[in-house]
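A.B. asks: pasting the sequence and the predicted coordinates here, then a few questions.
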Amino acid sequence: SLRHRQLRSSTILLLSAVSTLVTTASAFSVIKTDAPRSMEQLVLGTVALPNVRGGASKLLDDAVERGFCRFDLARSYGGGQSERLFGKWLEGSGVDRKTLKLVTKGGMGQDKYGSPDRPMCTRESLRSEITSSLEALRTDYVDLYMLHRDDLRIPAEDFVDWMNELKTDGLIKRWGVSNWSLRRIHHACAYAETTGQDPLTATSPQLSLAVPGNEVWPSTHSVSCPSKLGE
C-alpha cells in the first residue's frame, strides 16, 4: 500500500542518516591504543598568551606537565608581550631549556599585521629583532627562527644570507619562513644550495578547512584554495 511504501522509504532514509552520522563520528572520534602517544610534535601557539585567564605561567606549567615541549611565538604577538611572558615563565619555572623547542618569528619591524608598505627589513633590523626576542625570552638562542612575512621588495637571496649569518653566530639553530609562496621558497632553497648555505627547513602558510575569500591578514599566503593543492 501507499502507507507501507512511505514507511519503507522513511526507514531507508533514517538508516542512511544514522550510517552517515556513525561514519562522521568515527572520523572524529578518539581512538584508544595501547601505545603511548608522544606530544613532542605538537606545537602550542602563544598569540593569546597575554589574555589567558588564570595567567600565562599557569597555562605554560600545565602544558609542560602534559608533555608539550614546542612553543610558537612571534615578535609581533602582543607587541612583544607574549615573548616577555614566556621568558619570565621560563626563567622561574625550573624547566631545562634544552628540553624545549622554541620557535619565534620576526622581520616585520614594528608593524603589527604585515602591511606590504611597512618599512623594509634590513640585515641590521633583522638582527635587532632577534636580539630583542632573545632578551625577552631570556635565552641565548631559538631552535627555529622564521620570517613572519615575505617582502617581495627584497631579493630572496638577501634573506638567505641574513638568516645564515644569524645561524653562524649561534643566535638560531634553524630558519624558516611564514606566508611565503612556493615559488619564493624554491628560489631561496636553490640559492642556498648554490652558495653552500643552509636552506630553510620549515614553512608556515595559512591553512584552513574553509577557503578564504580574501587575505585573512595582510601579506599572507594561503594554501587552502583548490589551485594550491600541489603546494
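C.D. replies: Nice, I can see it.
A.B. asks: which residues touch the residue nearest the centre of the chain?
C.D. replies: Among the residues of the chain, S204 comes closest to the average C-alpha position under CA atoms, centre = their mean, at 5.5 Å. Neighbour list for S204: 146, 176-179 [criterion: CB atoms under 8 Å, 6 or more residues apart in numbering]. To be clear about C-beta, it is placed using only N, CA and C from the backbone, and glycine gets the same treatment.
A.B. asks: low-confidence stretches in the chain?
C.D. replies: Per-residue confidence for the chain (pLDDT under 70) gives these ranges: 1-31, 33, 35-37, 227-231.
A.B. asks: if we can go back for a sec, max pairwise distance over the contacts of S204: which two?
C.D. replies: When CB to CB is used, the two most widely separated members of the contacts of S204 are G176 and N179, lying 11.1 Å apart.
A.B. asks: which of these two has more neighbours?
C.D. replies: N179 (23 against 20; other CB atoms under 10 Å).
A.B. asks: tell me the contacts of that one?
C.D. replies: With contacts taken as CB under 8 Å, 6+ apart, N179 has the following neighbours: 114, 148-150, 204-206, 219-221.
A.B. asks: do S133 as well
C.D. replies: If a contact means CB under 8 Å, 6+ apart, then S133 has 73, 75, 83, 104, 106, 142 as its contacts.
A.B. asks: ok so it is a strand residue?
C.D. replies: No. Secondary structure assignment places S133 outside any strand; it is helix (DSSP: H, G, I helix; E, B strand; the rest coil).
A.B. asks: what sits up against stretch 63-81?
C.D. replies: Contacts to stretch 63-81, defined as CB under 8 Å, 6+ apart, come from residues 38-47, 49-50, 60, 82-83, 85-86, 93, 95, 99-106, 108, 111-113, 129, 132-133, 136-137, 148.
A.B. asks: now do it: distance to the chain's middle.
C.D. replies: Between the mean C-alpha point of stretch 63-81 and the mean C-alpha point of its chain there is a distance of 10 Å (CA atoms, centre = their mean, to the nearest Å).
A.B. asks: now the end-to-end length of it.
C.D. replies: Between the opening and closing residues of stretch 63-81 lies a distance of 19 Å (CA to CA, to the nearest Å).
A.B. asks: how about stretch 133-149?
C.D. replies: Its start and end residues considered, stretch 133-149 measures 17 Å (CA to CA).
A.B. asks: list the buried residues in that stretch.
C.D. replies: Of the residues in stretch 133-149, 133-134, 136-139, 141-142, 144-149 count as buried by neighbour count, 16 or more other CB atoms under 10 Å.
A.B. asks: quick one: which two of the residues you listed are the most distant?
C.D. replies: The most widely separated members of those, counting by CB to CB, are R138 and R149 (25.7 Å).
A.B. asks: partner residues bridging the residue nearest to the centre of the chain?
C.D. replies: Beta-bridge pairing of S204 under DSSP bridges involves S178.
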